[in-house]
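Could you work out the structure for the sequence below:
(one chain, ligands or ions: 2)
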Amino acid sequence: MVEKPQERYEDSDLYRIRHSAAHVMAEAVLEMFPEAKYTIGPPIENGFYYDFDLPRPLTPEDLKVIEKRMRQIIAGHYPFVKKVVLAEEARQIFKEQPYKLELIEGLEQGGADEYGNPLAEKPEISLYTHDKFIDLCRGPHVENTGKINPSAVKLMSTAGAYWRGDEHNPMLQRIYGTAWRTSQELENYLEFLEEAKKRDHRKLGKDLEIFVFDDEVGPGLPLWLPNGGVIIEELENLAKEMEFKRGYQRVKTPHLAKEDLYLHSGHLPYYADSMYPPMELEGVRYYVKPMNCPFHHKIFASQPRSYRELPLRLAEYGTCYRYEKSGELFGLMRVRSMQMNDSHMYCSEKQFDEVFMSVIDLYMEYFNLFNVTDYSMRLSIHHKSGLGKKYVDNERLWLKTEDMVRQAMKNSNIPYIEEPDEAAFYGPKIDVQMKSAIGKEFSVATNQVDFAQPGRFNLTYINEAGQEETPLCIHRAPLGTHERMIGFLLEHYAGNFPVWIAPEQVRIIPITDAHNEYAVNLAKRMRDLFIRAEADLGAERMSAKIRKAQLMKVPYMLVVGDQEVQAESVSLRRRDGSRQDGLPVGEFITMLQDRIKKRSKEL
Ligand SMILES: [Zn+2]
Ligand SMILES: [Zn+2]
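Ligands and ions are numbered 1, 2, ... in the order given. Okay, here's the model as predicted:
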């Protein structure tokens, strides 16, 4: 049962510990470089950082010295003392610190918090002091430095970072650190990082020949190799089956459209920064699509609709193009072209709960199929101050739809946290975070309520009373994009895909050339049954071939020699090292087909 939303990170112990550790680190750095200019040092996922303007580049040796000094400060048990001040006093205190002065100005004008993030209300200006160090900050911290566990703090690395993330600003030096409650937690985290490095989808994607990037094609535009192509097809087959059973209808829409369409949808100008620039043809401007929604709305509008057709579920694996800054591109996780497991579901207000729940239900099936046991959902809602600016100006519908979603979430007993002021411009949304097998978090899927676009596109249906009504629209993408999903699956499975989705399912390895023909026939027999089997007829020795297949993480290797040819059998070696000799070919194929058909987790 979920009565209450989960605790937010901002309200947790770890957040206070990390935030406090950032202050302690800054004190140590300022002692080392009295002329240093310090900027901001927020907690982040799994740790904290602080950005400094320093007279020289930091070395790994420096980090050791800073870390040692941090432990001494921690041992001093210095209390964190808060003081609320007027801007003038703050300016006096930080008169040698230009970055802090800039932040004070932001606080004073009320537009930004002490990290420079936009803020709805004008904040008070507060300082926190411990030992001899003073920072512009609104907390929260631990009581005193002694509450930081000295054996659970570690400085991790340094990196360059522009002030406020803007490349026109000075380059600062960022120190990353991590802090935990216990040394065991720290150790677990360091192990997690080691494992995550091995599972990095960029590394696995290359090793397993899934995808590549090419300079001449362009940044953020992945090329899917044949192995990646197989995974994509399997995912699409999965989505099609699941959606077909639930009454979705598949549509296809073009990759580009006239400017008018995006003006109509509001993507222009509100979303223009994330779109590729236009191209002009016969005096008309065209844009490649950043989203599929307006096209599906046009399909809804293409004929008169009756309540009998609702909910209408239009689905498409649509390819969208978005402009992500080059600095923000990251493997398959942040790309410029993406194939989306998209659908737009049009329904009446009465049907909302049922339709929304059916989407949640679909999520659950996917989680189960992919063995995702740890997930969470975030409900992003509007903020009053953004009405008419970043949000559609209709408070009644905001409150109503937010409540509908909240109610549906409660009914489904799914843990979720609520995030104010993070909604889409047309309605509240649910973002789904999935944790991979090693606990790395991925934001893959989204589920959004839209009470604005159907109105913008004059979408109507005739209700039971014979009157025109505007439907609600739900945008949903449980499998996200192929790019993120496959990135996630690579790391989740460490490349060891279940057999149904494994690019190569069976590798047949003849012991000598004399067994090549048997191997080839076996491969053909399986391929005729749509099993992805290959015979390895290379010149290497058998042991080398086995090693090669293991490196490619092929689920099943079949070794065939005289005995197998004679008995029409195979010697099965599974990816996990288990073996089964003298297995009749027919029996192996039946087992395999069953695993594939059921999309089994078993090897
Ligand atoms: Zn602080
Ligand atoms: Zn959409």
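
In space, what's closest to residue 95 - neighbours in sequence excluded?
residue 101 (7.5 Å; CB to CB, 6 or more residues apart in numbering). Bear in mind the C-beta positions are built from the backbone N, C-alpha and C, glycine included.

in what helix or strand does that neighbour lie?
Secondary structure from DSSP states H and E places residue 101 in helix 98-109.

which residue ranges form the helices in the stretch 401-550 of the chain?
Secondary structure of the stretch 401-550 of the chain (DSSP state H, counting those that start in this stretch): helices at 453-456, 482-493, 516-527, 542-551.

Tell me the helix or strand right after the helix holding residue 101.
Per DSSP H and E, helix 98-109 leads on to strand 125-130 as the next helix or strand towards the C-terminus.

quick one: contacts of that next one?
Identification of contacts with strand 125-130 by CB atoms under 8 Å, 6 or more residues apart in numbering yields 23-24, 27, 73, 78-87, 90, 93, 104, 107-108, 134-139, 141, 144-145.

For stretch 342-361, buried residues please.
Within stretch 342-361, the residues that qualify as buried by neighbour count (16 or more other CB atoms under 10 Å) are 342-348, 351-352, 355-356, 358-360.

Averaged pLDDT, that stretch. What do you get?
Per-residue pLDDT values over stretch 342-361 give a mean of 93.

repeat for stretch 122-141
Per-residue scores along stretch 122-141 average to 92.

do the same with stretch 545-556
Averaging pLDDT along stretch 545-556 yields 97.

which one is whichever residue of the stretch 501-603 of the chain sits closest to ligand 2 nearest to, not counting chain neighbours?
Taking CB to the ion, ligand 2 has its nearest neighbour within the stretch 501-603 of the chain at residue 501, 26.1 Å off. Of all residues not flanking residue 501 in the chain, residue 234 sits nearest, at 4.5 Å (CB to CB, 6+ apart).

which residues of the stretch 1-150 of the chain score low on pLDDT?
The stretch 1-150 of the chain contains residues with pLDDT under 70 at 1-6, 111, 114, 116, 118-120.

For it, which segments are assigned as strands?
In the stretch 1-150 of the chain, the strands defined using DSSP state E, counting those that start in this stretch lie at 37-38, 43-44, 47-53, 81-85, 125-130, 133-136.

Please convert those strands to CSV, extending it with mean neighbour count and distance to residue 600.
Listed next are these as CSV, based on neighbours: other CB atoms under 10 Å; distance: least, CB to CB, whole Å:
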stretch, mean neighbour count, distance to residue 600
strand 37-38, 22, 55
strand 43-44, 18, 39
strand 47-53, 22, 39
strand 81-85, 13, 57
strand 125-130, 20, 55
strand 133-136, 21, 55
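
residues near the residue nearest to residue 95, how many?
The local packing of residue 101 (other CB atoms under 10 Å) involves 15 other residues.

Stretch 339-347 vs ligand 2: in contact?
No. Stretch 339-347 lies out of reach of ligand 2 by CB under 5 Å from the ion, never closer than 5.6 Å.

got the buried residues for stretch 135-150?
Using 16+ other CB under 10 Å as the test for burial, stretch 135-150 gives 135-138, 141-142, 144-145, 147-150.

ok now that stretch, how far from the chain's centre?
Mean-position distance between stretch 135-150 and its chain equals 31 Å (CA atoms, centre = their mean, to the nearest Å).

Identify the residue spatially nearest to the residue most central in space within the chain, adjacent ones excluded.
In the chain, the residue lying closest to the centroid (CA atoms, centre = their mean) is residue 443, at 2.8 Å. In this structure, residue 443 finds its nearest non-sequential neighbour in residue 433, 5.4 Å apart by CB to CB, 6+ apart.
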